[in-house]
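>>> Just to be clear, the model below is a prediction. Sequence and coordinates:
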Amino acid sequence: MASALVSTALRDQHVVILGGAYAGLSTALNLLRICDGTFSYFLKADGRGHNLPLPRSPRNKPRITILDPRDGFYHAVGTPMAHTSKSYISKPWLQWDQIPELKRGGVSVVRGKAIKADPEAKTLVYLSGEPGELQQRSLDYDYLVVATGLRRPWPTVPMATTKAEFSAQAARYIEHLQSRNSIAVIGGGAVGIEMAAEIKHQYPLKDVTLIHSRSSLLSSEPVSMEFRDTVHKVVQSGGVNVLLNNRVLNVTSDGNSSKTITLESGGSLSADEVIWATSSAAPITEFLPNEALDQEGFVNVLPTTQFQPTIPNSAAHFAVGDVISTPGIRLAPGAIRMGKITATNIAQMLVACEDSASDTPSVSSDQAQAHAKPPKSNLKLVIGVSGAAYDGNTGDMMWGPEVKQRIFGDDMGLTREFFFFLFLSTRLHSRAILTIAKVHWERWGYFRT
């Protein structure tokens, strides 16, 4: 056993991260920062109230591979604006070579889609997505981080895998919307609210209707009824027609541009364009063993973000972001925090393995200490010209144009503090900036996904 530990510790460890969105990218960047000695916590806590020491940097830096079908990071929060405003199309998509930390040695970004993960063998089969090269390949790994997110319908997320394709697709869709006089958005959750409100904001002369099957908007979210009613009023004040208690049974087209929406109540209405924004998004986890998943396909994880112990080599397998089985609102800030926790635990395990090989006292090489906190019930919305925010801890609410400006700015938060903290090296983080960030991050966060 000792010789195996020495052999493992002396070679470069390979960390494979599936998905380069908020959670996956956070894991990669924070692991790099730990290795550089530039990592810092906003809150040094393990979820159990214990302060955590900053993780030590492993002597042998791991290799990091990010597997993602896209050619860059997509700022999903900006989708409503990206699919309604041509001036915004080029902004939310950052190609991988635009992120400096991913261009260093030992870091690879591979375009592809996971097909099968074998936790016992620690191997991954994937379908290569490189241009002109579509074939099955495999990767061996020492640590696997699943951050593949949810599968959502167009146009609530882009279908394109390259920035060029996305730009062309979004431009065509905007031209399509501009040619329509009436738009119906089905689903009164956060996504549907933001899509309907942004369309009405960008095209005030169009007839926009938001249809929801329940008695209040945001009916599936853990927010107060007072906040739901407030959001309803803000949506209506922006000119969106809101239909509650109306389940859509069918949408048909007679061959012309107009579509007929049949409601469970027995009524119907017509719209030139129908956008589905119901809460039917499914986790992208079909490549994992069924034993690792709950009944809906989400990954069962420990507070350390590791797989459950019933899975072979569970300590070396992590899941972060939207794919994990958890209650609460799935927020981008929560996904980013999980990435930091996972990076901390992987670094700790790397160091423990090195210490074990050199007979240096340490924790067990499979014992992760950093714990992710349960998701918060905070919620931030862009509602056309306005914004709304809810603090689940206190029940406090804010709404109005000034809230949108304060939290999201003019571009769905693209150039606000979030990107500063996600993409710039922590060497640039002054104590004052970190203090300000901690206050805003903990109370409101900046993004919802």
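Yep, it's here.

>>> Could I get the average pLDDT for stretch 275-282?
Stretch 275-282 carries an average pLDDT of 83.

>>> Mind listing residues that contact that stretch?
150-153, 155-156, 183-187, 189, 191-192, 195-196, 220, 296-297 (CB atoms under 8 Å, 6 or more residues apart in numbering). (C-beta placed from N, C-alpha, C; glycine too.)

>>> For the host helix or strand of Ile199, give me every contacting residue.
Applying DSSP states H and E as the criterion places Ile199 in helix 190-202. Contact with helix 190-202 is made by 79-81, 83-85, 152, 155-156, 177, 183, 185-186, 206, 208-210, 212, 217-218, 221, 231, 235, 238-240, 275, 277-278, 379, 381-386, 448, as judged by CB under 8 Å, 6+ apart.

>>> C-terminal to that helix, what's the next element?
Counting by DSSP H and E, the next helix or strand C-terminal to helix 190-202 is strand 207-211.

>>> next one: that next one to chain centre, how far?
What separates the centre of strand 207-211 from the centre of its chain is 27 Å, taken as CA atoms, centre = their mean, to the nearest Å.

>>> Going forward, the N-terminal residue is numbered 176.
All set: I'll call the first residue 176, so the last point we hit is now strand 382-386.

>>> List of residues touching the helix or strand that it is followed by?
Downstream of strand 382-386, the next assigned helix or strand under DSSP H and E is helix 400-412. Residues outside helix 400-412 that contact it (CB under 8 Å, 6+ apart): 368, 371-372, 385, 391-394, 417, 554, 556, 558-559, 561, 563, 565, 570, 572, 574.

>>> low pLDDT regions in the stretch 326-475 of the chain?
With pLDDT under 70 as the threshold, the stretch 326-475 of the chain has low-confidence stretches at 430, 454-455.

>>> burial measure for Thr298, as a count.
Neighbour count for Thr298, taken as other CB atoms under 10 Å: 15.

>>> in the stretch 176-325 of the chain, what spans have low per-residue confidence?
Low-confidence segments of the stretch 176-325 of the chain, defined by pLDDT under 70: 176-186, 216-228, 305-307.

>>> For it, just list every one of the strands.
According to DSSP state E, counting those that start in this stretch, the stretch 176-325 of the chain carries its strands in the segments 189-193, 238-243, 247-249, 268-270, 282-293, 298-303, 311-315, 318-321, 325-326.

>>> Quick one, which of the ones you listed gets closest to Thr517.
strand 318-321 (5.9 Å; CB to CB).

>>> Give me the sheet partners of that closest one and which way each runs.
In the sheet, strand 318-321 lines up against strand 189-193 (parallel), strand 492-494 (parallel) (DSSP bridges).

>>> In contact with Met572, which residues?
For Met572, the contact set (CB under 8 Å, 6+ apart) comprises Ser399, Glu401, Phe402, Thr405, Ala563, Ala564, Tyr565, Asp566.

>>> From Asp566, how far off is it?
Separation of Met572 from Asp566 (CB to CB, to the nearest Å) stands at 8 Å.

>>> ditto for Lys297
Going from Lys297 to Asp566 by CB to CB gives 42 Å.

>>> Select the longest helix from this protein.
Counting by DSSP state H, the longest helix found in the chain is helix 507-532.

>>> which helices and strands sit right next to that one?
With contacts defined as 3 or more CB pairs under 8 Å, 6 or more residues apart in numbering; DSSP states H and E, helix 507-532 has these neighbours: helix 177-185, helix 197-211, strand 318-321, strand 492-494.

>>> Now do the second one against helix 507-532, angle only.
Orientation note: helix 197-211 sits at an angle of 40 degrees relative to helix 507-532 (axes from the mean of the first three to the mean of the last three CA atoms, to 10 degrees).

>>> Give me whichever of the strands of the stretch 176-325 of the chain is most buried.
Most buried of those, by mean neighbour count (mean count of other CB atoms under 10 Å): strand 318-321, with a mean of 27.

>>> Isn't Trp271 up against Val282?
No. Between Trp271 and Val282 there is no contact under CB atoms under 8 Å: 9.7 Å.

>>> my guess is Asp272 meets Arg279, correct?
No. Taking contacts as CB under 8 Å, Asp272 lies outside contact range of Arg279: 11.8 Å.

>>> May I see the buried residues of stretch 338-356?
Using 16 or more other CB atoms under 10 Å as the test for burial, stretch 338-356 gives Lys338, Phe341, Ser342, Gln344, Ala345, Tyr348, Ile349, Leu352, Arg355.

>>> now swap in stretch 196-216 and tell me
Applying a neighbour-count criterion of 16+ other CB under 10 Å, one finds 196-210, 214, 216 buried in stretch 196-216.

>>> follow-up on the earlier one: ok and the helix holding Ile374 relative to strand 382-386, angle-wise?
Going by the same axes, to 10 degrees, helix 365-377 makes 170 degrees with strand 382-386.

>>> what's the offset of helix 365-377 from the middle of its chain?
Taking CA atoms, centre = their mean, the mean C-alpha location of helix 365-377 is offset from the chain mean by 20 Å.

>>> report the angle between the axes of it and helix 400-412?
30 degrees.

>>> then helix 365-377 to CSV, C-alphas only?
The C-alpha trace of helix 365-377 is given here as CSV (Å, rounded to 0.1, in the frame of the first residue of the first chain):
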residue,chain,number,x,y,z
ALA,A,365,-38.1,32.9,-12.8
VAL,A,366,-37.1,32.1,-16.3
GLY,A,367,-40.5,32.7,-17.8
ILE,A,368,-40.9,36.0,-15.8
GLU,A,369,-37.6,37.3,-17.1
MET,A,370,-38.2,36.3,-20.7
ALA,A,371,-41.6,37.8,-20.9
ALA,A,372,-40.6,41.0,-19.2
GLU,A,373,-37.5,41.5,-21.3
ILE,A,374,-39.4,40.9,-24.5
LYS,A,375,-42.0,43.6,-23.5
HIS,A,376,-39.2,45.9,-22.4
GLN,A,377,-37.4,45.6,-25.7
